[in-house]
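K.L.:
Need a 3D model of the following:
(chains A and B)
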Amino acid sequence: MPTEALSLVPKTDAKQTMKDFKSDQEVRWCPGCGDYAILAAVQGFLPELGLARENITFISGIGCSSRFPYYMNTYGMHSIHGRAPAIATGLATARRDLSVWVVTGDGDALSIGGNHLIHALRRNVNLKILLFNNRIYGLTKGQYSPTSEVGKITKSTPMGSLDAPFNPLSLALGAEASFVARTVDSDRQHLTSVLRAAAQHKGSALIEIYQNCNIFNDGAFEALKDKQLAQEAVIRLEHGEPIRFGAPWTEAEGGDGQGRKGVVRDRATGDLTVVDVSVDGTDGVLTHDAHAASPTTAFALSRLADNDTLHHTPIGLLRQVERPVYDDLMADQMDAAVEQKGKGDLSSLLAGSDTWTVVG
Amino acid sequence: MTSQVEQASKDAGPADTAVPAGAKEVRRLDRVIIRFAGDSGDGMQLTGDRFTSETASFGNDLSTLPNFPAEIRAPAGTLPGVSSFQLHFADHDILTPGDAPNVLVAMNPAALKANIADVPRGAEIIVNTDEFSKRAMAKVGYAANPLEDGSLSAFNVHPVPLTTLTVEALKGYDLTRKEAGRSKNMFALGLLSWMYHRPTEGTEAFLRKKFAKKPEIAEANIVAFRAGWNFGETTEDFATSYEVAPATKAFPAGTYRNMSGNLALSYGLVAAGQQADLPLYLGSYPITPASDILHELSKHKNFGVRTFQAEDEIAGIGAALGAAFGGSLAVTTTSGPGVALKSETIGLAVSLELPLLVVDIQRGGPSTGLPTKTEQADLLQAMYGRNGEAPVPIVAPMTPGDCFTAALDAARIALTYRTPVFLLSDGYLANGSEPWRIPEADELPDLRTQFATGPNHTLDDGTEVFWPYKRDPQTLARPWAVPGTPGLEHRVGGIEKQDGTGNISYDPANHDHMVRTRQAKVDGVEVPPLEVDDPDGDSKVLVLGWGSTYGPITAAVRRIRRTGGHIAQAHVRYLNPFPANLGEVLAAYDKVIVPEMNLGQLATLLRARFLTDVESVTQVTGLPFKAEQLATVLKEAVDAH
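P.N.:
Residues are numbered from 1 along each chain as shown, chains lettered A, B, ... in the order given. Have a look, this model is predicted:
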């Protein structure tokens, strides 16, 4: 039977605060790192779930972000490079009474661990994956990552990187992810709202969090953070709302307070494009449907962003659909096996059917 | 037709001639070795399996050696496409599938050519003459028909048109010639079943069940099977049939069944989960020759067994380790190439100090090597194949049936010491089979373990806290605190940890302490002392083996003792840590011979550890040692000392 996302996780009556989720370990990220804001957002939002703290686990791989579990006063494992989704899959499928979170980075999740990420998503294991994307390798001191823009000058690419980058959201959608969202480290409110939605989601949730590495890739997301620049760059997605962005048409101008730009479907190609929206807003602007059964439009939205300028970067929940959760299916088969064959009896298993007796 | 008798009597005393039954003579043999050989599409493995089941249910001791190519359907009629199944059965206790077949069933020229070198003069050869076309013979390099050119005159050749006879027998059925011909393996099985007085009900029941959805195919196979039997009964070419009495004296009292290594290992894992009262979790990726364990365990979900077919080897062990963190008895199954991929995660398990079984069904290497052939060349990989000082206990089963006990024992070590444990089986054990005494429930070990439930340490200020790396002073194991236990929230990881608290620590003295402590924990794993079999008590030569060489070595030792030679034998089941008395045992003999299916890996460990110059005897043919060949080597040593 499908279950609600957290229905099997024990609740607590005790009042929890952010402090309850802070471990006694000193946080050792570089001063000014975007990871601090994400940590604070996670610690700040978990109390509202009201879950027994001991039933929450954080599993990470290797990289700066993967130190995350040490700072959470929950169960946690700082594992090896790229393997967190695999390890978390084992934990989540063995223990449906746990809320399992994966913390990973762009190198960890998309380079060395790319295989595990896509397979966790396609299976729809009940994992919440926080992908900290800073578009650089931080812990190894500044090599380009699989999300770095082409031509990136780094220690390992003095003449510029050659690889075309991954778009993590496109990748996740292609891997059949049932929940795909993007948010930004510095926007606590939005980050929290996405975490909340992910926690309640049944199955795998992939949250790409743009995170600033102020040492090796400072300002990588400035276009999305600077108020002025963001107007052009950020497409904020709200389910059921027209996809509008840019400087708003004001009431004084006779507008509806929404952006002067919008996303429409190109009738000729079926693709999405950005257009100027007239003041009355009647230009066939697409209404965002995060729950559409087909991932096609969500994929098209994920392709709007320009990799270099970050113009037209969708922020928010691209896709959230219900589909069977791997852990549930596995549990169902185990129940069905007991129903069909009865609870296993070791003696009769060992005895088998073809035997002979030796009398002493 | 005395060849079988001579062959048997050479090793196991004279054979009787029983009173002829009816027109045909019946002879009594004490043991027989049969090899079925054909194209990989001819169903030789199935034929061998069925003959084995008939033989097991008759009560003979037996040992089998399936030998097949890695290709599912290698090109028909070629030498590389030959698949064979050898079965040795006897009225007494035997240890190996036998060196040389007394009977070769060759379904085509390729099968004859590929196997003839192993067949001793005087042996019986049954050939399917229908397949000996010019083209088929030319394909494998026979310029002339070997059935006619006299080259097989040293053998008792029975030319039988197996295909034609099968097709003839199935005439009344709505089958094409090609379809009908497919049942020729059952015709051959019927013939052999007649020759050796095998019970047939089991095979008929098996065919009915296997083809339950195609009753006409089931019927055709049964008719072919019976036709083969009747052919033996009536044709003059087969004048004699043979009896091999049940091996009643070879076994302790009990109920027995035929058991292959991979099945035994699977059952051992299920039993370990039950005996530990923990859910069993298998994270695995298909690989020859280990996949059968994944298949088998996936059938037993009603035992609370979870099986997870992962995206790759690394994810297989990763999921298992995640499940171990969550309190499951976790297992990953693989072969050598998979171990290579899992190495980093095994290292993580060493660091996390969580129970985890790593099952390696060894095959020929390096790289892809020989996927369907056996080898013991992963010992050093299991022992040392990780970065850093990462000791892992190693248990190696000795016979197919022993895989059951070894799995339970590996689980005991993993759970008691909170450590990954290697279980080193191999292709020979995995696919070979032998009679296995079914254990009673009360013979199985109690593997129950305690999860941590509360604080285990008092700070200076009197606060009660939980320290995830505070160890049991006896075993040096750390507490296993599973998520969901209130108050014991803690973080583990692959970065070096401070002793006790488990917090990250880069302190030089702490690292030194932790490395030595992890080593001491594994060194301190309790394993029984090595038992030496030295009936004369004055042997100068010791033969020391490990793993699947137990059968051939023991058979070789028996041959030597039968001819009056004095030799001691011991078999190491625990490769890490070694039994505490191993050094003493080595020192007690003038000469220690170590046969292995590698280039001397145990020998290397022994020399390094005990400064003993053992003599390494090695073979890497992808096949087990032959008893005769080992006996020759051992005899030379015995005679020289």
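
K.L.:
Quick one: neighbours of B:Gln601, just the number.
P.N.:
Residues near B:Gln601, counting by other Cβ atoms under 10 Å in any protein chain shown, number 23. Any C-beta I mention is one placed from the backbone N, CA and C, and that applies to glycine too.

K.L.:
thinking it is in contact with B:Glu375, fair?
P.N.:
No. Counting by Cβ atoms under 8 Å, B:Gln601 does not reach B:Glu375; the two are 10.4 Å apart.

K.L.:
quick one, domains of the chain?
P.N.:
This is for chain A. Per automatic domain parsing, the domain ranges recorded for chain A read A:18-237+A:294-333, A:242-287.

K.L.:
try again with chain B
P.N.:
B:3-243, B:256-443, B:532-640.

K.L.:
and the longest one, average pLDDT?
P.N.:
So that's domain B:3-243. For domain B:3-243, mean pLDDT rounds to 89.

K.L.:
quick one: that domain to chain centroid distance?
P.N.:
23 Å (Cα atoms, centre = their mean, to the nearest Å).

K.L.:
if you look at that domain, does any of it touch chain A?
P.N.:
Yes. Shown here: domain B:3-243 in contact with chain A (Cβ under 8 Å from any Cβ of the partner chain) through B:53, B:56-59, B:202.

K.L.:
tell me the contacts of the one residue in the stretch 151-300 of chain A that gets nearest to chain B?
P.N.:
Distance from chain B to each residue of the stretch 151-300 of chain A (Cβ to the nearest Cβ) is smallest for A:Ala175, at 11.2 Å. A:Ala175 is in contact with A:117-119, A:121-122, counting by Cβ atoms under 8 Å, 6 or more residues apart in numbering or on different chains.

K.L.:
And B:Leu87, by the same measure?
P.N.:
Contacts of B:Leu87 (Cβ under 8 Å, 6+ apart): B:33-36, B:48, B:51-52, B:55, B:62-65, B:97.

K.L.:
Need the nearest residue in space to the residue in the stretch 101-250 of chain A that chain B sits nearest to, chain neighbours excluded.
P.N.:
Using Cβ to the nearest Cβ, the single residue of the stretch 101-250 of chain A nearest to chain B is A:His119, 3.9 Å away. Once flanking residues are discounted, A:His119 sits nearest to B:Glu311: 3.9 Å by Cβ to Cβ, 6 or more residues apart in numbering or on different chains.

K.L.:
Count the neighbours of that neighbour for me.
P.N.:
For B:Glu311, the neighbour count with other Cβ under 10 Å is 21.

K.L.:
one step back: give me the pLDDT value at the residue of the stretch 151-300 of chain A closest to chain B.
P.N.:
Here the pLDDT value assigned to A:Ala175 is 98.

K.L.:
buried set for the helix ranked longest in chain B?
P.N.:
Taking DSSP state H as the criterion, chain B has its longest helix at helix B:215-234. By 16 or more other Cβ atoms under 10 Å in any protein chain shown, the buried positions in helix B:215-234 come out as B:217-218, B:220-229, B:231-232.

K.L.:
Kindly spell out which helices and strands sit in contact with that helix.
P.N.:
Packing contacts for helix B:215-234, counted by 3 or more Cβ pairs under 8 Å, 6 or more residues apart in numbering or on different chains; DSSP states H and E, involve helix B:162-169, helix B:184-195, helix B:201-210.

K.L.:
Identify the residues contacting the residue nearest to A:His119.
P.N.:
By Cβ under 8 Å, 6+ apart, the contact set of B:Glu311 is A:86, A:115-116, A:119, B:285.

K.L.:
mind redoing it with 7 Å?
P.N.:
Contacts for B:Glu311 (Cβ atoms under 7 Å, 6 or more residues apart in numbering or on different chains) come out as A:115-116, A:119.

K.L.:
For the closest residue to A:Asn133 other than its chain neighbours, the count of nearby residues, please.
P.N.:
Nearest residue to A:Asn133 in three dimensions, chain neighbours excluded: A:Asp106, at 4.5 Å (Cβ to Cβ, 6+ apart). A:Asp106 has 26 neighbours, counted by other Cβ under 10 Å.

K.L.:
now A:Lys15
P.N.:
Neighbour tally, A:Lys15, other Cβ under 10 Å: 8.

K.L.:
so how far is B:Leu357 from it?
P.N.:
Computed as Cβ to Cβ, to the nearest Å, the A:Lys15 to B:Leu357 distance reads 43 Å.

K.L.:
so how far is the helix or strand harbouring B:Gly347 from its chain's centroid?
P.N.:
B:Gly347 is part of helix B:336-352 when elements are defined by DSSP states H and E. Averaging C-alpha positions (Cα atoms, centre = their mean) puts helix B:336-352 23 Å from its chain's average.

K.L.:
wait, does it contact chain A?
P.N.:
Yes. Where contact is defined by Cβ under 7 Å from any Cβ of the partner chain, part of helix B:336-352 touches chain A, namely B:344-345, B:348.

K.L.:
Show residues contacting that helix.
P.N.:
Contacts for helix B:336-352 (Cβ under 7 Å, 6+ apart): A:79-80, A:83, B:285, B:287, B:313-314, B:317-318, B:321, B:332, B:334, B:356, B:358, B:360, B:362-363, B:365, B:367-368, B:378, B:381, B:385-388, B:390, B:392, B:419-420, B:492, B:494, B:518.

K.L.:
buried set for stretch A:205-225?
P.N.:
The neighbour-count check on stretch A:205-225 (16+ other Cβ under 10 Å) flags A:205-217, A:220-221, A:223-225 as buried.

K.L.:
Endpoints of stretch B:538-551, how far apart?
P.N.:
End-to-end distance of stretch B:538-551: 23 Å, with Cα to Cα, to the nearest Å as the criterion.

K.L.:
So which bits of that stretch are buried?
P.N.:
So, applying 16+ other Cβ under 10 Å, buried residues of stretch B:538-551: B:539, B:541-551.

K.L.:
what's downstream of the helix holding B:Gly347, the next helix or strand?
P.N.:
strand B:356-362.
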